[in-house]
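S.K.: Sequence and predicted model, in that order:
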Amino acid sequence: MVVVREDAGDDWLAVCLPLEALSRIETRVRAFPFGDDGGAESLIWRRPCDDWLAQIGRAVYRGVGFELGAIGFEVSGIVDAESVADGVPDNRGYGVLQPTAEARGRLRPAKNRKLAFDVIEGRYPARQHGLV
């Protein structure tokens, strides 16, 4: 777990899973994210991992609130709350947790082989969005 506080910026919480450790319990990881192992078939084993990370994200949200949760391989810096304010792209390699009243903390899973895995960006209290 890594916490970053930017000067005049956002606070970030990154929950990282080393791929070597993950590969010990999920044999389909193989050479992910490279070659065929980073392809669309990886979504099959990645989805349960993303769901688990989304549960962690929801628990964090209940405690401190955030604008966006992004789940995927090295997603830090790829997506932020501002970039999905007008909608989450259909073609994305990362899952999204949005704590808006409309999204209600639902995970929008990764859709393609573009990769992304580890960030929760935070600024606003959970109660502001009526989710707690």
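M.R.: Cool, got the structure.
S.K.: Could you tell me which helix of the chain is the longest one?
M.R.: helix 42-64 (DSSP state H).
S.K.: thinking Ala54 is in contact with Gly69, fair?
M.R.: Yes. Counting by C-beta atoms under 8 Å, Ala54 does reach Gly69; the two are 7.1 Å apart. Every C-beta, even on glycine, is put in place using the N, C-alpha and C of the backbone.
S.K.: Give me the common contacts of the two.
M.R.: Shared contacts of Ala54 and Gly69, defined by C-beta atoms under 8 Å, 6 or more residues apart in numbering, comprise Leu97.
S.K.: When these two are compared, which one has more neighbours?
M.R.: Legend: neighbour count by other C-beta atoms under 10 Å for Ala54 and Gly69, higher for Gly69 (28 against 20).
S.K.: what helix or strand does that one sit in?
M.R.: strand 68-71 (DSSP states H and E).
S.K.: name the helices or strands packed onto that strand?
M.R.: helix 42-64, strand 95-97, strand 119-122 (3 or more C-beta pairs under 8 Å, 6 or more residues apart in numbering; DSSP states H and E).
S.K.: how about those in TSV, adding distance to Asp80 and mean pLDDT?
M.R.: Below are the helices and strands packed on strand 68-71 laid out as TSV (distance: least, C-beta to C-beta, whole Å; pLDDT from 0 to 100):
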stretch	distance to Asp80	mean pLDDT
helix 42-64	15	88
strand 95-97	11	86
strand 119-122	6	38
